[in-house]
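K.L.:
sequence first, predicted coordinates after that:
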2 protein chains.
Amino acid sequence: MEQKLLEQIVGQVLAAMSNAEQGEQAEKGIPVGVSNRHIHLSAEHVDTLFGSGYTLTKDKDLKQVGEFAAKETVTLVGPKGVMRGVRVLGPVRTFTQLEIARTDGFSLGVVPPLRDSGKIQGSPGIVIVGPKGAVTLTEGVICAARHIHMQEADARQLNVADGDRVTVTVNGPRGGTFANVLVRVNPDFRLEFHIDTDEANAAELKNGDRVTLAAVGEK
Amino acid sequence: MEQKLLEQIVGQVLAAMSNAEQGEQAEKGIPVGVSNRHIHLSAEHVDTLFGSGYTLTKDKDLKQVGEFAAKETVTLVGPKGVMRGVRVLGPVRTFTQLEIARTDGFSLGVVPPLRDSGKIQGSPGIVIVGPKGAVTLTEGVICAARHIHMQEADARQLNVADGDRVTVTVNGPRGGTFANVLVRVNPDFRLEFHIDTDEANAAELKNGDRVTLAAVGEK
């Protein structure tokens, strides 16, 4: 059998297994993924910060297919503070987006708007420093709105659709609900409820904890 | 009229006006009070940190009667970090209690338990440094569980009692509910929903914002 065909078949089998696993997951609840402050960089900004023609080095794959944590980090310099070791996520994007928690914003002296990923218009900028240079970002600093990544199979099982805003229920001593959670459906997505560190700490949630969707109409 | 009697009457009139105001407040919702990291000190620890016989200097009264923010601050030294300028709250207490957010705990390298104020048994310690000395606290570092201060009049109006655990509803883009909120009723209390900075940031709440109680049975 041709090598390429073999790889295709193996890929399809793995995808089918992964899908089956996803369906099983949704029944057990939605796993939590806590996003620490991080930055997505444009190719141009990678060049400025790390050197012309530089390629990001993968440190580890993230749960969302194709996304990875890079070995590279940057330093943020805001009006009120400096933050070192801020993780770069790959691959490169068409524009640079920095996602920080509100607590980080207070330390840095910036007040990012609460936005869905990609919606950076009118957001503040910041100075980003790398080993080979600095970028004065004019916009792109956001506080990422919580959302759930999922595939079609999960969406069917959970009875939701791409673009829905749902309410998530959290158990435990710091339990309660998160309202206005965006549902994002894509074949490359893996079931995961993304929150930032403020939200995780406020609800005593950590990576891999499980949450559920509140019944429709429930607040 | 005797000066003392006059003061008593004025005191009673002011208390009655305050109570009337409280009742009105509960109708408009419960005001939020965000607690930044702070420390309550024993008299013995005030002596060690600021000098023998030292008295805390009031900077401003807090909303809860008798409580004040002192001009004094301390430095916290944990296994992973140092935090300067941590506010001392007065008056002195029978034992020292440090209240920090979970985010602060990560910076300092301590994992405080989630506790109602005063319940410090088995909690971790930390090193506290003042201008005249240092205290190696053996226990007393907690993450304060959210709670609502109120008087009897508020409790009646809200249909709750001291010691109840209630659910609070928050509106807005980062809205939702906080479950397991302790109700604390005392004549010296003023209606206020106390949360820490992680909870405030996660829900986009600031001092003076209003929240409501969820209907009984609602989650």
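P.N.:
Here it is on my side, so go on.
K.L.:
surely A:Glu67 is in contact with A:Lys58?
P.N.:
No - using CB atoms under 8 Å, A:Glu67 is not in contact with A:Lys58; the gap is 10.2 Å. From N, CA and C alone the C-beta is placed, and that goes for glycine too.
K.L.:
does stretch A:101-108 reach chain B?
P.N.:
Yes - residues of stretch A:101-108 contacting chain B under CB under 8 Å from any CB of the partner chain: A:101-103.
K.L.:
could you single out the nearest of those residues to chain B?
P.N.:
Nearest to chain B among these is A:Arg102, at 3.9 Å by CB to the nearest CB.
K.L.:
how about that closest one, what does it touch?
P.N.:
By CB atoms under 8 Å, 6 or more residues apart in numbering or on different chains, the residues touching A:Arg102 are A:112, A:143, A:198, B:201, B:204.
K.L.:
for it, phi and psi?
P.N.:
Phi and psi for A:Arg102, reported as degrees, to the nearest 10, are phi -60, psi -40.
K.L.:
residues near the closest residue to it other than its chain neighbours, how many?
P.N.:
The shortest distance from A:Arg102 to any non-neighbouring residue, by CB to CB, 6 or more residues apart in numbering or on different chains, is to B:Asn201 (3.9 Å). Neighbour count for B:Asn201, taken as other CB atoms under 10 Å in any protein chain shown: 28.
K.L.:
so B:Asn201: helix, strand or coil?
P.N.:
Classification of B:Asn201 using DSSP: H, G, I helix; E, B strand; the rest coil returns helix.
K.L.:
could you do A:Gly105 as well?
P.N.:
Going by three-state DSSP: A:Gly105 is helix.
K.L.:
what about stretch A:77-89, near chain B?
P.N.:
No - against chain B, stretch A:77-89 shows no contacts by CB under 8 Å from any CB, the least distance being 11.6 Å.
K.L.:
restricting to C-alpha, output that stretch in CSV.
P.N.:
The C-alpha trace of stretch A:77-89 is given here as CSV (Å, rounded to 0.1, in the frame of the first residue of the first chain):
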residue,chain,number,x,y,z
VAL,A,77,5.7,46.9,29.0
GLY,A,78,2.6,48.9,30.1
PRO,A,79,2.2,52.4,31.7
LYS,A,80,2.1,50.8,35.2
GLY,A,81,4.1,47.7,35.0
VAL,A,82,6.2,45.1,33.2
MET,A,83,5.4,41.4,32.7
ARG,A,84,8.1,39.0,31.6
GLY,A,85,7.7,35.5,30.2
VAL,A,86,4.4,35.9,28.4
ARG,A,87,3.9,32.9,26.2
VAL,A,88,3.7,33.1,22.5
LEU,A,89,1.1,30.8,20.9
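K.L.:
neighbours of A:Lys206, how many?
P.N.:
Per other CB under 10 Å, the neighbour tally for A:Lys206 reads 11.
K.L.:
before we move on, what about A:Asn180?
P.N.:
A:Asn180 sits with 17 neighbouring residues when counted by other CB under 10 Å.
K.L.:
so who does it touch?
P.N.:
Counting by CB under 8 Å, 6+ apart, A:Asn180 has contacts A:145-146, A:165, A:167, B:173-176.
K.L.:
quick check: ChimeraX command selecting the buried ones in those.
P.N.:
Applying 16 or more other CB atoms under 10 Å in any protein chain shown to these leaves a buried subset, and the ChimeraX line that selects it is:
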select /A:145,146,167 /B:174,175,176
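K.L.:
which residue ranges make up the domains of chain A?
P.N.:
Domain segmentation of chain A under automatic domain parsing yields A:35-144, A:146-219.
K.L.:
including mean pLDDT, could those domains go into TSV?
P.N.:
As requested, the domains of chain A are exported to TSV (pLDDT from 0 to 100):
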stretch	mean pLDDT
domain A:35-144	97
domain A:146-219	94
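K.L.:
and the helices in chain A?
P.N.:
Here chain A has its helices, by DSSP state H, at A:3-28, A:43-50, A:102-108, A:152-158, A:197-203.
K.L.:
give me every residue in chain A lying close to chain B.
P.N.:
Checking chain A against chain B by CB under 8 Å from any CB, the hits are A:101-103, A:114, A:145-146, A:167, A:169, A:173-180, A:196-199, A:201-204, A:214, A:218-219.
K.L.:
and the gap between A:Gly133 and chain B?
P.N.:
As judged by CB to the nearest CB, to the nearest Å, A:Gly133 and chain B stand 29 Å apart.
K.L.:
and the residue nearest to that residue when sequence neighbours are not counted, how many residues sit next to it?
P.N.:
Once flanking residues are discounted, A:Gly133 sits nearest to A:Thr48: 4.7 Å by CB to CB, 6+ apart. Applying other CB under 10 Å, we find 17 residues neighbouring A:Thr48.
K.L.:
check contacts around A:Thr48.
P.N.:
Contact analysis of A:Thr48 by CB under 8 Å, 6+ apart lists A:130, A:132-135.
K.L.:
and these, which two are the farthest apart?
P.N.:
Largest separation among the contacts of A:Thr48 by CB to CB: A:Lys132 and A:Val135, giving 10.8 Å.
K.L.:
more neighbours: which of these two?
P.N.:
Between A:Lys132 and A:Val135, counted using other CB under 10 Å, A:Val135 has the larger neighbour count: 22 against 13.
K.L.:
bridge partners for the residue lying closest to that one once chain neighbours are set aside, pull those for me.
P.N.:
Once flanking residues are discounted, A:Val135 sits nearest to A:Ile128: 4.6 Å by CB to CB, 6+ apart. On the basis of DSSP bridges, A:Ile128 is bridged to A:Leu76, A:Val135.
K.L.:
shouldn't A:Ile128 be in contact with A:Leu98?
P.N.:
Yes - counting by CB under 8 Å, A:Leu98 is a contact partner of A:Ile128 at 7.4 Å.
K.L.:
what's the overlap in contacts for the two?
P.N.:
Common contact partners of A:Ile128 and A:Leu98 (CB under 8 Å, 6+ apart): A:39, A:76, A:137.
K.L.:
contact partners for the last one?
P.N.:
Just to be clear, that refers to A:Leu137. By CB under 8 Å, 6+ apart, the residues touching A:Leu137 are A:96, A:98, A:125-128.
K.L.:
most neighbours of all those residues, which one?
P.N.:
Among the contacts of A:Leu137, where neighbours are counted by other CB under 10 Å, the top count belongs to A:Leu98, at 28 neighbours.
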